[in-house]
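Output the structure for:
(2 chains)
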There are 2 protein chains.
Amino acid sequence: MQTYQAEIYVTLRPSVLDPAGTAVQSSLNQMGYDTVSQVRIGKYIQVTLAAANDEQARQQLDRICDQLLANPVIETYRFDLNAVATV
Amino acid sequence: MQTYQAEIYVTLRPSVLDPAGTAVQSSLNQMGYDTVSQVRIGKYIQVTLAAANDEQARQQLDRICDQLLANPVIETYRFDLNAVATV
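Got it, this is the predicted structure:
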């Protein structure tokens, strides 16, 4: 088994409104950062998992994202996978 | 002015407990993903801003992160900066 470190980025689909992002943007504008024109807030999830190989790790991460980490109706995800150590 | 797209990653410091990550990890273990050994949840923030040059954009982002996006007591941040268009 190989240990992998995955970095998962979950973002709202472009068509979905992001009220939290809009609130942060207007706060920044009020604080004087008036060149900030858009803010979108997503999730950044670091997962450590073991798998036999890259392919299996990717398949497992796809299932994990679809089932728990992202809501496929309004969110999309992508991930980077790095092998860290052989157990 | 140049338009920049920044991708900001805000994560809890390693010494800070992450109860949400622990809850997700134990959910995944219960769902059968028993090779998942750690989950840490952070924020992924996409910011579009205008600045005269890379250096100014980076300085502005550092201030924005310190003042609003990250809590420096418990969180750290890093960001990637990409120029997207000249206005």
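
Flag every residue of chain A that's near chain B.
Contact residues (C-beta under 8 Å from any C-beta of the partner chain) of chain A with chain B: A:1, A:3, A:9-11, A:21, A:24, A:27-28, A:31, A:33, A:35-51, A:60, A:63-64, A:67-69. For glycine as for every other residue, the C-beta is placed from the backbone atoms N, C-alpha and C.

Mind checking which of these are in strands?
Among the residues of chain A next to chain B, DSSP state E puts A:3, A:9-11, A:36-51 in strands.

All the helices of chain A, residue numbers only.
A:19-30, A:54-64 (DSSP state H).

now the ones you listed as TSV including distance to B:V16, mean pLDDT and mean neighbour count?
Formatted as TSV, the helices of chain A follow (distance: least, C-beta to C-beta, whole Å; pLDDT from 0 to 100; neighbours: other C-beta atoms under 10 Å in any protein chain shown):
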stretch	distance to B:V16	mean pLDDT	mean neighbour count
helix A:19-30	22	97	15
helix A:54-64	23	96	16
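
Looking at those, spot the one closest to A:I74.
Closest approach to A:I74 among the helices of chain A is made by helix A:19-30 (12.5 Å; C-beta to C-beta).

looking at chain A, which helix or strand does the model trust least?
Ranking every helix and strand in chain A by mean pLDDT, DSSP states H and E puts strand A:75-86 at the bottom, with a mean of 92.

how far does that strand sit from the chain's center?
Remark: strand A:75-86 is offset 10 Å from the chain centroid, using C-alpha atoms, centre = their mean, to the nearest Å.

Pull out the buried positions in it.
For strand A:75-86, the neighbour count (16 or more other C-beta atoms under 10 Å in any protein chain shown) marks A:75-77, A:79, A:81 as buried.

And the residues you listed, which is closest to chain B?
Comparing the buried residues of strand A:75-86 against chain B with C-beta to the nearest C-beta places A:Y77 closest, at 10.3 Å.

State the distance from the most far-flung residue of chain A relative to its centre to A:Q25.
Ranked by distance from the centre of chain A (C-alpha atoms, centre = their mean), the top residue is A:G32, with 28.9 Å. Using C-beta to C-beta, to the nearest Å, A:G32 is found at 13 Å from A:Q25.
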